[in-house]
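Colleague: build me a structure from this.
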Amino acid sequence: MSFFVSHYPARPKTPWKLEIRAATAGRRVRKFYAAEAEAFSEGRRLCEQIKAKGADSLKTPEGMAVERAVRMFNSQFQDYSKSHSEKVEKVTRWIARDFKGPLESVTPVRCLEWFRSIAGSSTSRATVFRYARLFFNWCVKVDMLAKSPWRPVVCPQSTPKRNILSAAEMKTLLAEEMSGHLMASILLGGFAGLRTVEIQRLQWQDVSRGQIYIGPEVAKQKKKGNRERLVDMTEPLKKRMKIFAGKRGPLIPVTEAEFYKERRALVKRLRNSGKLDWKTFPENSLRHSFATYHLGKSGNPGTTAYQMGTSIQLVVSTYAVPARRSDWRGWWRI
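Modeller: Okay, here's the model as predicted:
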């Protein structure tokens, strides 16, 4: 009983093809591997399985374990953004935990039942859906599976939160005592629309009197197609340029955990003093507020999308209605 391993350059990520002829297995078996040694090892294992159990045993759920497939899949995201990598790792960790055994034993019914058990908002469940689908589609792409068992699962309609601060809330927030880097993060989020992850990668010298430079390493969202942009210095920022003047090095000089601990302490002080009734810092509120008030003032979703580093479609679908109803004049007078 024999098999054949050959180089298959058309698949750069899995360039080693294992083939067992139909005369041996009852049907032609073709699988692809990243390493030649892995292809030979699997060839010997499958031939021994056919010899011991017959060719029909290949139709039973044996082969690559889900846990091992998850490890191979996750290794591809080391150079992607931290946020993307963390979401991949979290969702696939759940998959490896809940789908024991070989990949071929994962059925569409199991996928449906598993997704129904995922709790959370429609937005968080939509995120789980996308990353689970990405994993199973990748398994098909590298010939670990013939078809994705995720096919019948339907993505829930995402309803993103639009926590928008009022001008009065922003004034109260800015009046509180805090570190220079925390103040800078609030200003850049609310009056420039920067993502928190972008602010954490920013250097003080990237913020100048005229414009804020978001370079490729700051705006990095994925391995390919990194974008850069110049964000306008809006009036509320121009009024507070002394906060940014003459400083160099990382704008956020503390760890991510320390940054969020400091922000939680700020919210607690505001709540205990009766100035704001927040339990936590409203999720994505600074960026949502910028988008709403910027679109309200400009009336141009393309301009707002460029400033934020996002798509025009997202700006229109998420912020068009709130922008029309907003007191954008009050926000930009802060």
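Colleague: count of residues packed around residue 248?
Modeller: 8 (other C-beta atoms under 10 Å). Any C-beta I mention is one placed from the backbone N, CA and C, and that applies to glycine too.
Colleague: CA atoms only: put the helix or strand harbouring residue 135 into CSV for me.
Modeller: For residue 135, the host element (DSSP states H and E) is helix 122-141. Extracted in CSV, the C-alpha atoms of helix 122-141 (Å, rounded to 0.1, in the frame of the first residue of the first chain):
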residue,chain,number,x,y,z
SER,A,122,-26.3,41.0,19.0
THR,A,123,-23.1,42.9,18.4
SER,A,124,-20.9,40.6,20.5
ARG,A,125,-22.5,37.5,19.0
ALA,A,126,-22.0,38.9,15.5
THR,A,127,-18.3,39.2,16.3
VAL,A,128,-18.2,35.5,17.4
PHE,A,129,-20.0,34.5,14.2
ARG,A,130,-17.5,36.2,12.0
TYR,A,131,-14.4,34.7,13.6
ALA,A,132,-15.9,31.2,13.9
ARG,A,133,-16.9,31.4,10.2
LEU,A,134,-13.3,32.6,9.4
PHE,A,135,-11.9,29.5,11.1
PHE,A,136,-14.1,26.9,9.5
ASN,A,137,-13.7,28.5,6.0
TRP,A,138,-9.9,28.4,6.5
CYS,A,139,-10.2,24.7,7.3
VAL,A,140,-11.9,24.2,4.0
LYS,A,141,-9.4,26.3,2.2
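Colleague: what is the mean pLDDT for it?
Modeller: Across helix 122-141, pLDDT averages out at 90.
Colleague: which residue is nearest the middle of this protein?
Modeller: residue 84 (3.2 Å; C-alpha atoms, centre = their mean).
Colleague: what residues sit buried inside the helix or strand hosting that one?
Modeller: Using DSSP H and E, the element containing residue 84 is helix 82-98. By 16 or more other C-beta atoms under 10 Å, the buried positions in helix 82-98 come out as 87-88, 91-92, 94-96.
Colleague: cool, and stretch 267-281?
Modeller: Result for stretch 267-281 [16+ other C-beta under 10 Å]: buried residues 267, 270, 276, 278, 281.
Colleague: make TSV out of the residues you listed and add distance to residue 212, secondary structure and pLDDT.
Modeller: Below are the buried residues of stretch 267-281 laid out as TSV (distance: C-beta to C-beta, whole Å; DSSP: H, G, I helix; E, B strand; the rest coil; pLDDT from 0 to 100):
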residue	distance to residue 212	secondary structure	pLDDT
267	26	helix	96
270	27	helix	96
276	27	coil	93
278	27	coil	92
281	22	coil	93
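Colleague: and of the residues you listed, the nearest to residue 27?
Modeller: residue 281 (58.3 Å; C-beta to C-beta).
Colleague: quick one, phi psi at the closest one?
Modeller: phi -70, psi 120 (degrees, to the nearest 10).
Colleague: run through the residues that contact it.
Modeller: Contact partners of residue 281, counting by C-beta atoms under 8 Å, 6 or more residues apart in numbering, are 263-264, 266-267.
Colleague: in the chain, what spans have low per-residue confidence?
Modeller: Counting by pLDDT under 70, the chain contains low-confidence ranges at 1, 38, 57-63, 78-81, 158-162, 220-226.
Colleague: what about the strands in the stretch 1-150 of the chain?
Modeller: 4-7, 16-20, 29-33 (DSSP state E, counting those that start in this stretch).
Colleague: ok, the shortest one: who's next to it in the sheet?
Modeller: Taking DSSP bridges as the criterion, strand 4-7 pairs within the sheet with strand 16-20 (antiparallel).
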